[in-house]
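please work out how this folds:
(chains A and B)
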2 protein chains.
Amino acid sequence: MAIERQYHSDCISIGAFKMGTGEVLPDVSIAYEAVGQLSPAKDNVILICHALTGDAYAVGNQERSGWWSGLIGAGRRIDTNRYYVITTNVLGGCGGTTGPASLNPATGRPYGSSFPLVTIRDMVRAQRQFLEVLGINHLYAVIGGSMGGMQVFEWGVMYPDFMDHLIPIATSTRLSGVAIAYNDVGRQAILADPGYQDGHYYPGPGPAKGLSIARMVGMITYRTAELFEMRFGRNIKDDQDQPFNANTVFQIESYLRYQGEKLVDRFDANSYLYLLKAMDFHDISRGRGSTRDALSLIKSKMLMIGIEGDLLYPTDHLREVYEELRRLGQDVQFATFPSIFGHDAFLVEFDAVGELIDTFLNKTNM
Amino acid sequence: MAIERQYHSDCISIGAFKMGTGEVLPDVSIAYEAVGQLSPAKDNVILICHALTGDAYAVGNQERSGWWSGLIGAGRRIDTNRYYVITTNVLGGCGGTTGPASLNPATGRPYGSSFPLVTIRDMVRAQRQFLEVLGINHLYAVIGGSMGGMQVFEWGVMYPDFMDHLIPIATSTRLSGVAIAYNDVGRQAILADPGYQDGHYYPGPGPAKGLSIARMVGMITYRTAELFEMRFGRNIKDDQDQPFNANTVFQIESYLRYQGEKLVDRFDANSYLYLLKAMDFHDISRGRGSTRDALSLIKSKMLMIGIEGDLLYPTDHLREVYEELRRLGQDVQFATFPSIFGHDAFLVEFDAVGELIDTFLNKTNM
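Residues are numbered from 1 along each chain as shown, chains lettered A, B, ... in the order given. This next block holds a predicted model:
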């Protein structure tokens, strides 16, 4: 693959932003990455929406490889020689976009837990306002997995004429009870950490241990028991010899603790809490009658992708949504593939995900 | 059902006890419950082994109903008109048996985290020593689910001539990697709680919040996503009206937090940590060559019961164990039943579990 020459990342102001709660953030900044070249007709823009701990670096650069660099790039399945691919960091996040760690202009101090409640709809409206600032009034496609897929659904419902294609992956039209349950375990661990200090811990380290525990439980649910069994099983760290003692550490414990600590280095606990809440509250039917009523608003062609083995977003739910969309006469396709990576497959199985996206975007629309 | 007249519960000393680590506890007490009447030939004793947060009250009394009272009692599937049913609280527990909250005679203070490492094998050897004190040298059956089932396997391997029947339920011959992973989330939550104080928190409340979080994650894995979806889904607590706000609480969150707090009232966090570790270390092959080598030592008739829907102890593993036992020529049966209760089915589905036990113990052995 050639070095990506048409790469740009920046953070720009979109001015005042009104939240769904009615509160107004006086000056919102959006961090974004744009790769490729905007066509003169501005008809080749793809918006990528990231998941819980993602950021605007989907493609990334020489310094940091992006989380979807296996999928997006020159000559890749989402080809930046053809498309102008934009990824933003979500509102409430901690990757450059305005969020709880940002300074509240009214006080001169970070918002912390005084940041207003953020919903998936707020994220999408902020993205829309951001695109307006960029002078982009239409999208060829909106694509995202997990929390990113929630944004994809909301894009289709909130701005049906704004895009041609929607690709929600490993996601749902409303978070399930059991996913809310796992989120609450993580939330309680963060809130219980003395470092949390009611959400006003800046510039201190904050609830590092709590965030680490939240990440650990997340990681378990993102993958499958089969994968953990295959990779770690009951192996002991450093192949310590028997006998077991109170200090014996299993590889899987060591792996999860390390993953927890790694997230602490790059993610803000307040953002984590706000994004968990946004996911919990995600329900496209809210305020719109039924899920069917909400889905009926969509006008774009859709490809829904589910992962067999995804514990958090079971394909059964996506299949029900697909069938409802079909009954509504929508132009929708549904594809699933099995993966030992479970939910995380959308961040790992680039061949499987890429081929489905490629076929849908590039081959059935010729 | 008639009131149970032949009920006895007590706590007795079994004297000094040598742990697998070589350490000696100078005076171990075992809390137990005995229901029914010991036959003159002492050939009607059934030993019940409890799970992680269980205790000696399997049947219970007028004041407190036991956790297997639906299964054990006069006229029940495990009929105390026929069998003398004994349940002990495990070594390291907090239901009357010597554990971390007990006074260390050497210091006059509670052991706390200085209590020696406890294994499933230690639990079984303590039960054996306890039965000797009671003058019982043979068991008709050993029955238990989850951590109780681990004890059942070890009983069969360690003391093959001591019993006629083994019934391990919803368990395994070694804890899986993913179950170790979930245990470590709970462990980290307890250890991170400032109330833990390196395990020397008595008589204080201890790491209440950490234990509560550990229980929350446990509860999610004990049941199935389907059950949570059916019972709670995305329902809001107290049917609060829209709109959502930062204080909105989902019923499933409220339920789990309540379950967490309830455990704190009745369980010691140090015991929880010790029993998690005992489960993590459970592997019948340890020090015995292979799992096959260990299984070949068993001489009892076995009924293994697996629950379809059990996330922690998948029936696939039990089926492999069953097939290995069959290849070894063992007298073993294997039964599974589906349950929306998942792992917890052994504590809930008394009809299904009871019928299998009844048929195995009472009907195929006539």
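
name the residues of whichever strand or helix holds A:A34 that are buried.
If you go by DSSP states H and E, A:A34 is part of strand A:24-35. Using 16 or more other Cβ atoms under 10 Å in any protein chain shown as the test for burial, strand A:24-35 gives A:L25, A:V28, A:S29, A:I30, A:A31, A:Y32, A:E33, A:A34, A:V35. C-betas here are computed from N, CA, C, even on glycine.

tell me the spacing between the residue of the stretch 1-150 of chain A found nearest chain B and B:A126.
Here the residue of the stretch 1-150 of chain A nearest chain B is A:L117; by Cβ to the nearest Cβ that distance is 4.8 Å. The gap separating A:L117 from B:A126 is 53 Å, by Cβ to Cβ, to the nearest Å.

which of these two has more neighbours?
Set A:L117 next to B:A126 and count neighbours by other Cβ atoms under 10 Å in any protein chain shown: B:A126 wins out with 23 against 20.

residues in contact with the more buried one?
Listed by Cβ atoms under 8 Å, 6 or more residues apart in numbering or on different chains, the contact set of B:A126 reads B:I14, B:F17, B:V28, B:I30, B:T88, B:V90, B:L91, B:T97.

how about the last one: what's its closest non-neighbour residue?
Counting by Cβ to Cβ, 6 or more residues apart in numbering or on different chains, the nearest residue to B:T97 once its immediate chain neighbours are dropped is B:N89, at 4.0 Å.

swap in the second one?
The shortest distance from B:F17 to any non-neighbouring residue, by Cβ to Cβ, 6+ apart, is to B:V28 (4.2 Å).

measure that neighbour to B:F130 for me?
Distance of B:V28 to B:F130, given as Cβ to Cβ: 9 Å.

stretch A:285-302: end-to-end distance?
Its first and final residues considered, stretch A:285-302 spans 18 Å by Cα to Cα, to the nearest Å.

domains of chain A: list them as residue ranges, please.
A:7-178+A:279-363, A:179-278 (automatic domain parsing).

in CSV: those, plus mean pLDDT.
Output for those, formatted as CSV (pLDDT from 0 to 100):
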stretch, mean pLDDT
domain A:7-178+A:279-363, 97
domain A:179-278, 94
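
right, so of these, which gets closest to B:R288?
Checking the domains of chain A against B:R288 by Cβ to Cβ gives domain A:179-278 as the closest, at 11.3 Å.

span of that closest one from start to end?
Using Cα to Cα, the end-to-end distance of domain A:179-278 comes to 12 Å.

does it reach chain B?
Yes: Domain A:179-278 reaches chain B (Cβ under 8 Å from any Cβ of the partner chain) through A:180-182, A:184-185, A:188-189, A:192-194, A:209-210, A:212-213, A:216-217, A:220, A:225, A:228-229, A:232-235, A:242-246, A:248, A:250, A:252-253, A:256-257, A:260, A:277.

buried only: go through the residues you listed for me.
So, by 16+ other Cβ under 10 Å, the buried ones in these are A:180-182, A:184-185, A:188-189, A:192-193, A:209-210, A:212-213, A:216-217, A:220, A:225, A:228-229, A:232, A:234, A:244, A:248, A:250, A:252-253, A:256-257, A:260, A:277.

so who does A:T315 touch?
Shown in contact with A:T315 (Cβ under 8 Å, 6+ apart): A:G306, A:I307, A:E308, A:T336.

quick one: the third one from chain B, how far?
Separation of A:E308 from chain B (Cβ to the nearest Cβ, to the nearest Å): 15 Å.

quick one: the helices in chain A, in order.
According to DSSP state H, chain A carries its helices in the segments A:120-133, A:147-158, A:177-192, A:208-222, A:225-231, A:251-266, A:269-281, A:291-295, A:315-327, A:345-348, A:350-358.

out of the ones you listed, nearest to B:F153?
That would be helix A:225-231 among the helices of chain A, by Cβ to Cβ, at 19.1 Å.

now for that closest one, which elements pack on it?
On a contact count with 3 or more Cβ pairs under 8 Å, 6 or more residues apart in numbering or on different chains; DSSP states H and E, helix A:225-231 meets helix B:177-192.

helices or strands next to the helix it packs on in the packing?
So helix B:177-192, by 3+ Cβ pairs under 8 Å, 6+ apart, packs with helix A:177-192, helix A:208-222, helix A:225-231, helix A:251-266, helix B:208-222, helix B:269-281.

returning to what we had before: dump the contacts of A:T315 to TSV, plus neighbour count.
Listed next are the contacts of A:T315 as TSV, based on neighbours: other Cβ atoms under 10 Å in any protein chain shown:
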residue	neighbour count
A:G306	27
A:I307	28
A:E308	13
A:T336	19
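
test my guess that A:A181 contacts B:F228.
Yes: counting by Cβ atoms under 8 Å, B:F228 is a contact partner of A:A181 at 6.3 Å.

between the two, which contacts overlap?
B:I220, B:I252.

still on that earlier bit, between the helices and strands packed on helix B:177-192, which one is closest to B:K363.
Using Cβ to Cβ, the helices and strands packed on helix B:177-192 put helix B:208-222 closest to B:K363, at 30.2 Å.

quick check, the closest one touching chain A?
Yes: Helix B:208-222 is in contact with chain A by Cβ under 8 Å from any Cβ, via B:K209, B:G210, B:S212, B:I213, B:M216, B:V217, B:I220.

so what's the third one up against?
To tie it back to what came earlier, the one meant is B:S212. With the criterion set at Cβ under 8 Å, 6+ apart, B:S212 makes contact with A:Q188, B:R257, B:G260, B:E261, B:L263, B:V264.

excluding its backbone neighbours, what's nearest A:F334?
A:Y322 (3.9 Å).

tell me, how many residues neighbour the one you found?
Residues near A:Y322, counting by other Cβ under 10 Å, number 20.

with A:D164 instead?
Other residues within reach of A:D164 by the criterion other Cβ under 10 Å amount to 16.

was I right about it contacting A:I298?
No: taking contacts as Cβ under 8 Å, A:D164 lies outside contact range of A:I298: 11.8 Å.

and the gap between A:T21 and A:I180?
As for A:T21, its distance to A:I180 is 20 Å (criterion: Cβ to Cβ).

next one: A:F341
From A:F341 across to A:I180, the span is 23 Å (Cβ to Cβ).

and what of A:A74?
From A:A74 across to A:I180, the span is 40 Å (Cβ to Cβ).

also A:R288?
From A:R288 to A:I180 the distance is 20 Å (Cβ to Cβ).

just the strands in the stretch 1-150 of chain A please.
For the stretch 1-150 of chain A, the strands defined by DSSP state E, counting those that start in this stretch cover A:7-18, A:24-35, A:45-49, A:72-73, A:78-79, A:84-88, A:103-104, A:109-110, A:139-145.

what does the first one contact?
Meaning strand A:7-18. The contact list for strand A:7-18, computed with Cβ under 8 Å, 6+ apart, reads A:24-35, A:56-57, A:59, A:61, A:91, A:96-98, A:125-126, A:129-130, A:132-133.

list the buried residues of it.
For strand A:7-18, the buried set under the neighbour-count rule, 16+ other Cβ under 10 Å, comprises A:Y7, A:S9, A:I14, A:F17.

can you list the residues of the stretch 51-200 of chain A near chain B?
A:117, A:119, A:174-178, A:180-182, A:184-185, A:188-189, A:192-194.
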